[in-house]
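# pasting a predicted model and its sequence here:
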Amino acid sequence: MSTRRKITLARWAYQCVHAARALFARDDHTIVVRGDIVWDLDLGEGIDFAIYLLGAFERSSIRAYSQLIHPGAVVIDVGANIGAHTLPFAHLVGPGGRVLAFEPTTYAFHRLQRNLALNPAIAQRVSAYQAMLAAQSGNVPGVDLYARWPLRHAPETRHSTHMGIAASTDGAEVVALDDWIERHNISRVDFIKLDV
């Protein structure tokens, strides 16, 4: 199914859930537990709504990770967004593992930090960085990246194919992954998820 069709269906489902919640004087912000993870969600955002409704974002990917990632693994999550994969990774690597999460957009990075704070038992396995990975370390001034898929309205600024809207990367470091690994003395990497 195309992303455009998924977003259209999600917007319809969101409108139904939003209306039902409004009957009980509940807004779109909610804190829920899905699996063993506590989430701070904005139901008007596509990734958040998927977690709320389905228990996970990209459920088939989450299931596949359990076959690929084992306790003690070192996992890199590039494009961590709100932690939709980062937090499940933290469960999979266990107490002896480590997750290195990179998210360049200010909006999503703050949401990632909030979701980590709600899960202190697994948050200690995660190191989150507001950083944009690139071919070379350096500065990229004023870049906005697509990191949001709003459901409550259809802004004119949506991307024509994937329906996302851009978010600021103000404050993000620009770094080459090889440089970053060397600087932080990472001796091995077992799995990389790249969603950019």
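Looks like it arrived, so ask away.

# how near is residue 130 to residue 45?
Counting by C-beta to C-beta, to the nearest Å, the separation of residue 130 from residue 45 is 19 Å. (Glycine included, C-beta is placed from N, CA and C.)

# ok, those two, which is more surrounded?
More neighbours surround residue 45 than the other of residue 130 and residue 45, with 25 against 21 (other C-beta atoms under 10 Å).

# quick check, the more buried one in contact with residue 151.
Yes. Counting by C-beta atoms under 8 Å, residue 151 is a contact partner of residue 45 at 6.9 Å.

# output the below-cut-off pLDDT ranges for the chain.
Across the chain, the ranges flagged by pLDDT under 70 are 140-141, 154-163.

# just give me the residue right at the centre of it.
With distances taken as C-alpha atoms, centre = their mean, residue 81 lies nearest the centre of the chain, 2.8 Å away.

# state the next helix or strand along the chain beyond the strand or helix carrying residue 4.
Using DSSP states H and E, residue 4 sits in helix 3-23. Note on helix 3-23: by DSSP H and E, the next helix or strand toward the C-terminus is strand 29-34.

# what's that following strand in contact with?
Residues outside strand 29-34 that contact it (C-beta atoms under 8 Å, 6 or more residues apart in numbering): 38-43, 51-52, 55-56, 118.
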